[in-house]
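Chemist: how would this look folded up:
(chains A and B)
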Amino acid sequence: MAVIDIRRRTGYLFLAVVVGHVILISMQVTTRRGVPMLQEVIFGVFSEVQRGANGIATGVRTSWQNYFALQQVQEENERLKQQLSTLQIRLQRERSLAQQSESLQKLLELKTGSELSTTAANVIAGGASPEFRTITIDKGTGEGVRADMAVISPAGIVGRVIQPSRRAAKIQLLIDRNAAAGALVERTRAQGVVVGTGVDQLRMDYVSGSAEVKPGDTVVTSGIDGIYPKGFVIGQIQSVRRGAGQYSSIVIQPAVDFSALEAVLIVLTPPSPAEPAGRGKDQDH
Amino acid sequence: MKAAGVLTAIALALALQTSLARFLIGGTAALDLVLVVVVYVALTSGPVTGMLAGSAAGLVQDALSSGTLGIGGLAKAIVGFGAGVIGQQFIVTAAFPRFVMFIAATLVHSALFMGMYVLLGLKEFPSPWAAVLSQAIGNAVVGIVAFAIVESLPGVMERRRFRRSSR
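Modeler: Now for the predicted structure:
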């Protein structure tokens, strides 16, 4: 009966819900330290649901493929894909090293050319809200994944870990509106900051209007943000507009196809202390 | 609609939004299936149920995304309440009024959601019009289809039962 009475007082109930949400939001906005417990618990629990849903979907898909496709060809295909991924990663590192060797800076940076330690993870879910460009992966703190670790794929930079739980982690994609990475144009070494736009394009800010950049140039990470390792491909310049201001307006086509991500690599090696560590825009949120 | 049914619908929408959408439409779909469920629940069950469904669904969605907990909940609670009130005051049973309802709900939700983020200085949404409009149309189409499917189910069951009994 009490429930029925409350339901009749629609206005009061509406007010209570609104006030409750406002208090909840206010608490987070004023105390901005770490992740709220409720958020972590819900994420932890639901990531298991996502893991289950992904398991079912993957199981159905795998069964279908195994029954109706040529099994051996598929296995060989998987092995070749794996090999290709490894070679592409190696190629990116080699490209980076080759570029560096052309400049005098290479002499100073030889000592930092250490191997990157990575761990592979499967994407188990996409973003829960279309306003945020995030994915969930099946590796968490149990496998050594920590917040702010870089996430890469054979094609290039994917994003960074923003919320790891024990067996899963949430990744902020580079195309999210709040994501950013220190970057440089590979050909001319012009530096800037690549920021997400919320759609499948990136923007490069703070590139001097006098810097020599043109469409088709490859943009790589500069390592200056202290998150992403230096020399990994971000994308190619799609358009350059030199405005009246101090900086050029540059649009970048990401190297990674964010709509077809199935597996990623998490960089476990922290960025070299020799590189200047800065704070990107993405770290402010 | 019973509470268990509402919760199941929300959970299904969340699972579809986060997991299956990745396989079906490449993860780039500008759809908010949870909002579709909230509006559906509000139109069929009234403002209180719509508001509570919106609040719960929005909170879970906030927790699963990288946003501030409560902003999505509040936006969806208000939309759920508003849709429920309109559903009680007007006849929203034909396809076109429902289509308009889903479009309006998405626009209001986006305005509230983005507005709160911008007002609190937590996030920027430069020129979101195209994305919001495509999401509104997408949500409306999915909503209309969902209504059509749910409303045709009793008829299908009835016909199947009749065929079995006539054999």
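Chemist: give me the residue at the spatial middle of the chain.
Modeler: Because you didn't say which chain, this covers chain A. residue A:159 (1.4 Å; CA atoms, centre = their mean).
Chemist: other chain: chain B
Modeler: residue B:36 (1.6 Å).
Chemist: low-confidence ranges, the chain, go.
Modeler: Reading this off chain A. A:1-8, A:29-41, A:68-71, A:100-115, A:243-245, A:271-285 (pLDDT under 70).
Chemist: actually, chain B is the one I wanted.
Modeler: In the predicted model, chain B carries pLDDT under 70 at residues B:1, B:20-29, B:157, B:167.
Chemist: apply 50 and report the result again.
Modeler: Filtered on pLDDT under 50, chain B yields the residue ranges B:25-28.
Chemist: now the helices for it?
Modeler: In chain B, the segments counted as helices under DSSP state H are B:3-15, B:21-25, B:33-45, B:47-64, B:71-89, B:95-119, B:129-166.
Chemist: any chance of these in JSON lines, with distance to residue A:224 too?
Modeler: Just so you know, the C-beta spots here come from the backbone N, C-alpha and C atoms, and that holds for glycine as well. Output for these, formatted as JSON lines (distance: least, CB to CB, whole Å):
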{"stretch": "helix B:3-15", "distance to residue A:224": "38"}
{"stretch": "helix B:21-25", "distance to residue A:224": "32"}
{"stretch": "helix B:33-45", "distance to residue A:224": "38"}
{"stretch": "helix B:47-64", "distance to residue A:224": "31"}
{"stretch": "helix B:71-89", "distance to residue A:224": "32"}
{"stretch": "helix B:95-119", "distance to residue A:224": "28"}
{"stretch": "helix B:129-166", "distance to residue A:224": "30"}
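Chemist: out of the ones you listed, which comes closest to residue A:175?
Modeler: helix B:129-166 (12.4 Å; CB to CB).
Chemist: buried ones in the closest one?
Modeler: For helix B:129-166, burial by neighbour count (16 or more other CB atoms under 10 Å in any protein chain shown) applies to B:131-132, B:135-140, B:142-144, B:146-147.
Chemist: which helices and strands does that helix pack with?
Modeler: Helix B:129-166 sits against helix B:33-45, helix B:95-119, with contacts defined as 3 or more CB pairs under 8 Å, 6 or more residues apart in numbering or on different chains; DSSP states H and E.
Chemist: just name the most buried of these.
Modeler: Stretch with highest mean neighbour count among the helices and strands packed on helix B:129-166: helix B:33-45 (a mean of 27; mean count of other CB atoms under 10 Å in any protein chain shown).
Chemist: and the angle from that one to helix B:129-166?
Modeler: Taking axes from the mean of the first three to the mean of the last three CA atoms, to 10 degrees, one finds helix B:33-45 and helix B:129-166 inclined to each other by 60 degrees.
Chemist: which helices and strands sit right next to helix B:33-45?
Modeler: Here helix B:33-45 touches helix B:3-15, helix B:47-64, helix B:71-89, helix B:95-119, helix B:129-166, going by 3+ CB pairs under 8 Å, 6+ apart.
Chemist: now it, how far from the centre of its chain.
Modeler: Using CA atoms, centre = their mean, to the nearest Å, the mean C-alpha position of helix B:33-45 is found 5 Å from that of the whole chain.
Chemist: and whichever strand or helix holds residue A:241, what other elements does it pack with?
Modeler: Per DSSP states H and E: residue A:241 is located in strand A:233-242. For strand A:233-242, the packing partners by 3+ CB pairs under 8 Å, 6+ apart come out as strand A:156-164, strand A:180-185, strand A:202-205, strand A:218-221, strand A:248-254.
Chemist: quick one: residues in contact with it.
Modeler: A:92, A:95, A:155-157, A:174, A:181, A:183, A:185, A:194, A:201-202, A:204, A:209, A:213-221, A:248-256 (CB atoms under 8 Å, 6 or more residues apart in numbering or on different chains).
Chemist: got the residues of the stretch 151-285 of chain A near chain B?
Modeler: Contact residues, the stretch 151-285 of chain A versus chain B (CB under 8 Å from any CB of the partner chain): A:162-163, A:170, A:172, A:176-178, A:197-200, A:258-261, A:285.
Chemist: break down the stretch 1-150 of chain A into its strands, ranges please.
Modeler: A:118-125, A:134-137, A:150-153 (DSSP state E, counting those that start in this stretch).
Chemist: how far out from the middle of the chain is the last one?
Modeler: By that I understand strand A:150-153. Using CA atoms, centre = their mean, the offset of strand A:150-153 from its chain centre is 7 Å.
Chemist: likewise for the longest one?
Modeler: A distance of 12 Å separates the C-alpha centroid of strand A:118-125 from that of its chain, computed with CA atoms, centre = their mean.
Chemist: hmm, who's touching it?
Modeler: Contacts for strand A:118-125 (CB under 8 Å, 6+ apart): A:47, A:50-51, A:53-54, A:135-139, A:143-145, A:152, A:168-169, A:261-269, B:18-19, B:22.
Chemist: the residue nearest to residue A:206 when sequence neighbours are not counted is in what secondary structure piece?
Modeler: Leaving out its chain neighbours, the residue that sits closest to residue A:206 by CB to CB, 6 or more residues apart in numbering or on different chains is residue A:192, at 4.7 Å. If you go by DSSP H and E, residue A:192 is part of strand A:191-196.
Chemist: just checking: what are the partner strands of that strand?
Modeler: Sheet pairing of strand A:191-196 (DSSP bridges) gives strand A:180-185 (antiparallel), strand A:202-205 (antiparallel).
Chemist: surely the residue nearest to residue A:206 meets residue A:202?
Modeler: No: when contacts are counted by CB atoms under 8 Å, residue A:192 is not listed as touching residue A:202 (10.9 Å).
Chemist: and for residue B:124, the neighbour number?
Modeler: 12 (other CB atoms under 10 Å in any protein chain shown).
Chemist: quick one, phi/psi of it?
Modeler: phi -110, psi 150 (degrees, to the nearest 10).
Chemist: pull the contacting residues for whichever residue of the stretch 101-250 of chain A sits closest to chain B.
Modeler: Closest residue of the stretch 101-250 of chain A to chain B, CB to the nearest CB: residue A:128 (3.6 Å). Residue A:128 makes contact with A:134, B:14, B:17, B:18, B:34, B:60, B:61, B:64, B:65, according to CB under 8 Å, 6+ apart.
Chemist: state the distance from the closest residue to it other than its chain neighbours to residue A:45.
Modeler: By the measure of CB to CB, 6+ apart, the closest residue to residue A:128 outside its immediate chain neighbours is residue B:64, 3.6 Å from it. Distance, residue B:64 to residue A:45, using CB to CB, to the nearest Å: 10 Å.
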